[in-house]
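# What follows is a predicted structure for the sequence shown.
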Number of protein chains: 2
Amino acid sequence: MELQEAKDRFVQAWGTLATQWGINRTMAQIHAFLMISSEALTTEDLMAQLQISRGNVSMNLRDLMDWGLVFKELRPGERKEYFFAEKDAWKVAKQVAKERRKRELEPVVKLLDELKNVPVRAGDRESETFHNTIESISRVVNLADGALDAVMKAEESLILGTLIKLLR
Amino acid sequence: MELQEAKDRFVQAWGTLATQWGINRTMAQIHAFLMISSEALTTEDLMAQLQISRGNVSMNLRDLMDWGLVFKELRPGERKEYFFAEKDAWKVAKQVAKERRKRELEPVVKLLDELKNVPVRAGDRESETFHNTIESISRVVNLADGALDAVMKAEESLILGTLIKLLR
DNA sequence: AATATATTTCAATTTATTTTGAAATTACAA
DNA sequence: TTGTAATTTCAAAATAAATTGAAATATATT
């Protein structure tokens, strides 16, 4: 396979995977393209390579910077902006874990804690089932929350080692 | 908070969380509603409670059964079908991990392995960056793949214990 | 300050996804 | 069987999400 084809396939696949996980396809493609580029790129470069509009590039780059996955580079004497991505996939994973935890998991943890306090009417099967299920979900969500917290802080090799032990 | 309000809030929140993770909102709401119901329910029940059409219920129930999260109950002498959900959230998480791994991660692992074999042109920065980044992503994706595999097989308490050690 | 270049914004449009609802099919009871 | 209740299917409609492109804004250069 040629490098160009390989790049295209990767950008394409990364976009598809992203949509399956609730992330905008184009945003993922821009990120993917920056990850495999040795140089920082301009808006024009991204427009040309991914065949998308200026506005689209601008908005998605802003989101990617909000996610802490892409950064801006200003070159002295040059007016236009250059963008580059963190290339260490483990750092990327940690950053994504951190953001999703904050944006999505935290509100759910909060709600579940409230729902756990809804009084149980003894003998009422509906009420008991609700309580038990919420308890069960709350345990798992907190486990996931803790897992993301661990991932956020840990070294890749530490997680790998733990995993190997777990699978043994 | 009243039980009815609590149920509504949970169903609503679960639907929202689901969309953020690439899962159809209504599918998640049906699942949530079945999880907190003590009795198996009919299509009619779900149509009424969630205010959605028969076709919508039918299609999403099929998907939920494909995901292995909802089951059908046939009552002797009754023509209509009753549906119920697995209520143990840890089992649900394991099942979801299993399915997403198979459906989404496996194809990516396969592609990354192909891309790792794209020959590197020594001295070509673009080619080298591509190779290094793919290697890095491949390691992390395989780690995630292994983690899902571990989750799939492990007991909740085992994961919890591991996590506690990891965070210490 | 004026001009040129670059970036952002957002209403309008396009595209993708979800939902409906009624016809077609299936499955059970009599 | 036959009649009927229940379910599924899927084209069309509704809704949601992403994208465009040009005007507005910002920033640098002369």
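Cool, got the structure. Residues are numbered from 1 along each chain as shown, chains lettered A, B, ... in the order given.

# For the residue in chain A sticking out farthest from the centre, which three-state class applies?
Farthest-out residue of chain A from its mean C-alpha position, per CA atoms, centre = their mean: residue A:123, at 43.4 Å. Three-state assignment for residue A:123 (DSSP: H, G, I helix; E, B strand; the rest coil): coil.

# Now do the phi/psi pair for it.
phi 90, psi -10 (degrees, to the nearest 10).

# how close does it sit to DNA strand D?
Distance of residue A:123 to DNA strand D, given as CB to the nearest atom of the strand, to the nearest Å: 30 Å. Placement of C-beta: from N, CA and C, glycine included.

# Now tell me what touches stretch A:155-168 from outside.
Under the criterion CB atoms under 8 Å, 6 or more residues apart in numbering or on different chains, residues A:90, A:150-151, B:139-140, B:143, B:146-147, B:149-150, B:153-154, B:158-159, B:162, B:165-166 lie in contact with stretch A:155-168.

# quick one: buried residues of that stretch?
Burial within stretch A:155-168, assessed by neighbour count using 16 or more other CB atoms under 10 Å in any protein chain shown, is assigned to A:156, A:159-160, A:162-163, A:166.

# now stretch A:129-138
Buried positions in stretch A:129-138, judged by neighbour count with 16+ other CB under 10 Å: A:129-131, A:133-134, A:136-138.

# As TSV, those residues with distance to DNA strand D and pLDDT would be great.
Output for the buried residues of stretch A:129-138, formatted as TSV (distance: CB to the nearest atom of the strand, whole Å; pLDDT from 0 to 100):
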residue	distance to DNA strand D	pLDDT
A:129	22	98
A:130	25	98
A:131	29	98
A:133	24	98
A:134	26	98
A:136	27	98
A:137	23	98
A:138	26	98
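
# can you narrow the residues you listed to ones near chain B?
A:129-130, A:133-134, A:136-137 (CB under 8 Å from any CB of the partner chain).

# and the residue nearest the centre of chain A, what element?
Closest residue to the average C-alpha location of chain A: residue A:96 at 3.4 Å, with CA atoms, centre = their mean. Applying DSSP states H and E as the criterion places residue A:96 in helix A:89-100.

# what comes into contact with that helix?
A:35, A:67-69, A:85-86, A:148, A:151-152, A:156, B:133, B:136-137, B:139-141, B:144.

# so what secondary structure elements neighbour the following helix or strand past it?
Once helix A:89-100 ends, the next helix or strand along the chain (criterion: DSSP H and E) is helix A:106-116. Helices and strands touching helix A:106-116, by 3 or more CB pairs under 8 Å, 6 or more residues apart in numbering or on different chains; DSSP states H and E, are helix A:125-153, helix B:3-20.

# what is the rounded mean pLDDT of helix A:106-116?
Mean per-residue pLDDT for helix A:106-116: 97.

# the inter-axis angle of that helix versus helix A:89-100?
50 degrees (axes from the mean of the first three to the mean of the last three CA atoms, to 10 degrees).

# Any chance you could list what contacts helix A:106-116?
By CB under 8 Å, 6+ apart, helix A:106-116 touches A:131, A:134-135, A:137-138, A:141-142, A:145, B:1, B:6, B:9-10, B:13, B:17.

# ok, now stretch A:10-30?
Residues outside stretch A:10-30 that contact it (CB under 8 Å, 6+ apart): A:31-33, A:36, A:46, A:50, A:52, A:56-57, A:60-61, A:63-64, A:70, B:19-23, B:104, B:107-108, B:111, B:115, B:130, B:134.

# State the mean pLDDT of it.
Stretch A:10-30 comes out with an average pLDDT of 96.

# That one near DNA strand C at all?
Yes: on the criterion CB under 7 Å from any atom of the strand, stretch A:10-30 is in touch with DNA strand C at residue A:19.

# and that stretch, how far from the chain's centre?
Mean-position distance between stretch A:10-30 and its chain equals 11 Å (CA atoms, centre = their mean, to the nearest Å).
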